[in-house]
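# My questions concern the predicted model and sequence given below.
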Amino acid sequence: MKKTRLAVLLSCTLMTLAAQSAQYKVVELPTSSLGQSTFPTDINNSGNATVNVQNNFNPVIDVSLINFELQSLIDNLTDIEAAKAGQLNDEDYLLLYTFVTANRENQTFQQIAQRKSYVSSDSEATLLPAFDLKTITDDEYDGATTTIVRAINDFGYTVGAGQGGFYQLPFTFEDESERTYVLNDFYRRAFGQVNDNVVALLPPDVTAGGLSEAFDINNNNQVVGTGTTAISSTTFQTSVDNCLDDDERGDIPAESCLRALSISLSANPGSFAQRRGLIWQLDAQGNVVSTKTLGLLDTPADDDVRTFSGSAVAINDNGIAVGEVSTDTVFKGRTYLNPKAAFYIDDQILTINSDSDNYSSTATGINNDDIAVGFVQKQINGVFRRKMFVHDINTDVTSYPTGFFLGSSTVPMSINNNGLVVGYGEIESSINSRRNEAFLYDTNNDTFMDIGSLLACDSAYLIQAANGINDDNEIVATALKKGKRTNIKGEVVLDSDGAEIETDVVVAVKLIPIDGGSVEQCEVVDDFNKPRQGAGSAWLLLLGIFGFGLRRFKFKS
């Protein structure tokens with residue numbers, strides 16, 4: 001429903017009540033004009049947000065890397081000679097874009113970024129290039145590397161992760177045939193950006209490029225994340241060694257061989273490498289002063305060959321980091337190697353108070369009062385649900401708010417220094433599909449609210465997930481609105497009758513508190529049970545919520 005006020009349903013039947021001012025106004029961030037879907041991740045106390053844009057409009061097509069002798073292109077391009085010269089009409093541009101992106105990860109094809117990252121004010125957005133390279137001809141970034149920005153501190157310094165910059169490597173085979181490879185030297189690496197300085201945040205082990213992620217930065221320029229610390233697979237190490245051996249590698253470039261292994265490492269790091277939480281200390285210019293590797297709750301035995309992982313996803317200004325670590329967990333009589341919430345305090349690691357019903361847990365945020373939030377996974381009516389916890393590190397007390405209802409999965413994403421928590425949770429108790437909406441939870445008085453109920457009754461936005469909150473109680477969130485379907489050029493798509501197609505559009509929004517505002521009492525309008533065009537966008541929204549779009553997401557294992 002567009003607005004559901006239970007109090008109104010109980011107190012009013014058919015009467016329309018007089019409206020009061022809402023508690024929050026919605027500002028759609030300007031990143032919406034840059035691509036097909038936008039996902040915010042964090043907001044600082046200056047009100048600037050970090051945003052990831054999916055499928056940026058108008059990517060450049062490098063026709064020099066396209067084999068125009070392919071029959072499929074010969075049969076389908078409307079003007080192949082013009083296309084060879086780089087003069088693409090709209091139809092051929094869209095066809096070649098589909099052709100190139102369908103061959104993503106193919107080492108002979110141009111790479112086009114799936115996502116780009118930005119810092120956004122209310123009125124303008126600035127690109128965060130990370131490791132993207134500039135072209136020689138126009139001194140502009142080529143838009144090849146996918147980046148994910150996750151956090152911003154009060155100085156405007158940002159952190160995230162990105163692919164290595166792509167370059168072309170001509171290669172002559174033994175039979176004297178030639179091929180141009182499109183390669184990079186690492187698949188995913190943490191970065192920090194201080195002003196215009198982009199700094200690579202390396203993992204302790206950089207075999208096959210290594211893997212590192214950065215999730216948060218505090219106002220002391222401490223960056224937390226995770227990274228590879230050792231290769232645990234002898235088979236993988238042998239493959240790396242063979243890539244570097246001219247006799248073993250075969251008739252391909254060493255760089256090509258290593259990139260294939262880098263992709264495998266990124267796709268399934270838990271099979272090949274040990275990973276630990278990391279803290280990188282940056283100076284005021286963005287240089288890495290030190291890298292600290294964080295430990296585990298339990299030290300594995302010398303003969304334990306299992307792969308363990310740890311991560312730190314948030315850090316407060318006191319230097320306390322939170323995240324998760326692998327540890328043995330007994331659940332219903334069986335032992336599992338599961339993630340458990342971790343609080344990193346100097347060289348000590350603590351965790352939450354939990355019970356035998358908890359299968360796993362992870363911490364997702366912490367404020368400067370050392371109040372941490374996260375979620376546990378536990379079975380409710382036979383189904384695993386994520387249930388929020390709030391943990392006071394100073395008193396070692398863990399509480400478990402109910403959420404929208406007892407069996408609702410509830411995932412907190414951020415907590416500010418006022419004790420306000422934002423995230424997303426299930427608002428429906430149906431067994432099959434459960435719809436998520438954003439919430440605002442006040443730890444001071446144990447009140448849990450649907451953020452949508454704090455907006456004006458006629459708001460055009462459905463707030464699906466709240467991703468970050470600053471100390472002015474401003475919130476960045478992922479929202480759905482009705483809009484026009486567009487193609488990769490940003491042009492409105494028409495149906496067979498020439499009419500515009502209405503669809504659900506995923507946008508990044510900022511919610512700003514209204515001074516003196518109060519909750520409106522709304523007439524209930526059921527929009528969600530009507531047939532909806534553009535339902536295919538729902539998968540994209542879920543990808544944003546459970547994948548790259550949120551500030552805190554688990555390192556893939």
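Cool, got the structure. Numbers count the residues shown, from 1 in each chain.

# where does the protein have low pLDDT?
1-21, 136-137, 430-433, 524-557 (pLDDT under 70).

# What segments of it are helices?
In the chain, the helices defined using DSSP state H lie at 6-11, 71-76, 80-84, 90-101, 234-243, 246-249, 254-267, 537-546.

# Let me know which of those helices is the nearest to Gly452.
When the helices of the chain are compared by Cβ to Cβ, helix 6-11 sits nearest Gly452, at 12.6 Å. No exception for glycine: its C-beta is placed from N, CA and C like everyone else's.

# picking up where we left off before, if we compare the helices of the chain, which one ends up closest to Thr402?
Using Cβ to Cβ, the helices of the chain put helix 6-11 closest to Thr402, at 14.8 Å.

# Can you check the distance spanned by stretch 414-424, start to finish?
11 Å (Cα to Cα, to the nearest Å).

# what comes up buried for that stretch?
Across stretch 414-424, burial judged by 16 or more other Cβ atoms under 10 Å covers Ser414, Ile415, Asn416, Leu420, Val421, Val422, Gly423, Tyr424.

# what's the answer for stretch 401-409, then?
Pro401, Gly403, Phe404, Ser408, Ser409.

# Format those residues as a markdown table; extra columns: distance to Gly162.
Shown next, in a markdown table, are the buried residues of stretch 401-409 (distance: Cβ to Cβ, whole Å):
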| residue | distance to Gly162 |
| --- | --- |
| Pro401 | 35 |
| Gly403 | 34 |
| Phe404 | 35 |
| Ser408 | 35 |
| Ser409 | 30 |
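
# ok, so of the residues you listed, who is nearest Ser496?
Once Cβ to Cβ is applied, the member of the buried residues of stretch 401-409 that ends up nearest Ser496 is Ser409, at 40.4 Å.

# Out of the buried residues of stretch 414-424, which is nearest to Asp246?
Nearest to Asp246 among the buried residues of stretch 414-424, counting by Cβ to Cβ, is Ser414 at 50.7 Å.

# pretty sure that closest one contacts Gly468?
Yes: using Cβ atoms under 8 Å, Ser414 is in contact with Gly468, at 4.5 Å.

# where's Ser356 relative to Leu296, distance?
For Ser356, the distance to Leu296 equals 21 Å [Cβ to Cβ, to the nearest Å].

# now swap in Leu480 and tell me
40 Å.

# So for Val119, what's the nearest residue that isn't a sequence neighbour?
Spatial nearest neighbour of Val119, excluding adjacent residues (Cβ to Cβ, 6 or more residues apart in numbering): Thr126 at 5.0 Å.

# who's in contact with the one you found?
Tyr118, Val119, Ser120 (Cβ atoms under 8 Å, 6 or more residues apart in numbering).

# Same list, those, but as JSON lines with neighbour count and distance to Ala363 please.
Below are the contacts of Thr126 laid out as JSON lines (neighbours: other Cβ atoms under 10 Å; distance: Cβ to Cβ, whole Å):
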{"residue": "Tyr118", "neighbour count": "26", "distance to Ala363": "27"}
{"residue": "Val119", "neighbour count": "21", "distance to Ala363": "26"}
{"residue": "Ser120", "neighbour count": "25", "distance to Ala363": "27"}
